[in-house]
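Asker: Sequence and predicted structure, then a few things I'm wondering about:
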Amino acid sequence: MVTHLGGPGDSGHLRMAQLEVACLEDIWFDDVDPADIEAAIGPEAAEIARKQLGQSKKSVTLVKEQAFGGLTKALALDCEMVGVGPSREESIAARVSVVNQYGKCVYDKYVKPTQPVTDYRTAVSGIRPEHLRQGEEFEVVQKEVADMLRGRILVGHALHNDLKVLFLDHPKKMIRDTQKYKPFKSHVQSGRPSLKLLAEEILGIRVQQAEHCSIQDAQAAMRLYVMVKKEWESVARDRRPAAADPARGSDDI
């Protein structure tokens, strides 16, 4: 059977394109977003990358499945919060999640409330009374998270909110806040972009469509950081003395 591949003027270009795609099958697209490959090379190359990564066309790659599952030089933190007080506007930590550089969850605990909860904010937080009844004591969570983050790069979105409800501090030079990263703000043309906006515009994925998940939000922040890690760390190095550089020798991803 003969398959028609186009007219005489098309055959050379077509064969060359087929050859290029065939050669791509020998390349391992490790931790490369197929959407980026599709934009740069084309849909055929993106399909090869998806097959190698075990993805469908619409799958979200916030986790590198075969990667190290322990603590890495950079960790991403996100907290879900509930409202307390008569105005319901004051927030306390209700769930605390931490993921490593590969998106693997290394910590995830609900927190027993330190005050009576006046608003579970379930539609956004996903928190329900039964979650907090089974939660860990706040002091335990606070210490465990503090110990985990010590000496590491802290990644997250609007991290001042998370650190505030945990009553924790972290060295400014070790914080990578995706809400404050200038290239991200310029890309989406927003002075205070939401994580949802950054994820959709930069990663091409949708998060926070209904109830939030602190694990997924931490993964999205980490994925954003990893995309620009070299550039971000280069800027961070330029802003501090070389002797105090914690990013040298950090894990690659």
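Answerer: Okay, I see it. Numbering: from 1, shown residues only.

Asker: tell me the secondary structure for the residue lying closest to residue 102 once chain neighbours are set aside?
Answerer: Residue nearest to residue 102 in three dimensions, not counting chain neighbours: residue 67, with 3.6 Å by CB to CB, 6 or more residues apart in numbering. (Glycine included, C-beta is placed from N, CA and C.) With DSSP: H, G, I helix; E, B strand; the rest coil as the basis, residue 67 sits in coil.

Asker: Give me the below-cutoff pLDDT ranges for the stretch 151-253 of the chain.
Answerer: 240-253 (pLDDT under 70).

Asker: no no, the stretch 1-150 of the chain
Answerer: Applying pLDDT under 70 to the stretch 1-150 of the chain picks out residues 1-60.

Asker: Find the centremost residue of this structure, please.
Answerer: Note on the chain: the residue nearest the mean C-alpha position is residue 220, at 2.4 Å, using CA atoms, centre = their mean.

Asker: what's the closest non-adjacent residue to it?
Answerer: Using CB to CB, 6+ apart, the closest residue to residue 220 is residue 199 (4.7 Å).

Asker: can you pull the contacts of the residue nearest to the centre of the chain?
Answerer: 62, 157, 195, 198, 199, 203, 205, 207 (CB atoms under 8 Å, 6 or more residues apart in numbering).

Asker: Report the secondary structure state of the nearest residue to residue 101 once chain neighbours are set aside.
Answerer: Using CB to CB, 6+ apart and skipping the chain neighbours, the partner closest in space to residue 101 is residue 72 (4.1 Å). Here residue 72 is recorded as coil under three-state DSSP.

Asker: What of the one 5 residues further on?
Answerer: In terms of secondary structure, residue 77 is strand; the call rests on three-state DSSP.

Asker: and it, how many neighbours?
Answerer: Using other CB atoms under 10 Å, residue 77 is surrounded by 27 other residues.

Asker: nearest spatial neighbour of it, skipping sequence neighbours?
Answerer: Nearest residue to residue 77, sequence neighbours excluded (CB to CB, 6+ apart): residue 156, at 4.8 Å.

Asker: Isn't that neighbour up against residue 181?
Answerer: No. Counting by CB atoms under 8 Å, residue 156 does not reach residue 181; the two are 11.5 Å apart.

Asker: Neighbour count for the two, which is higher?
Answerer: For residue 156 and residue 181, the more surrounded residue by other CB under 10 Å is residue 156, and the numbers stand at 27 against 20.

Asker: Could you check how far that one is from residue 85?
Answerer: 25 Å (CB to CB, to the nearest Å).

Asker: Tell me where the stretch 1-150 of the chain has helices.
Answerer: For the stretch 1-150 of the chain, the helices defined by DSSP state H, counting those that start in this stretch cover 8-24, 34-40, 43-53, 122-125, 129-133, 138-149.

Asker: Need the contact partners of the fourth one.
Answerer: With CB under 8 Å, 6+ apart as the contact definition, helix 122-125 has outside contacts at 80, 81, 82, 94, 95, 128, 210, 211, 212.
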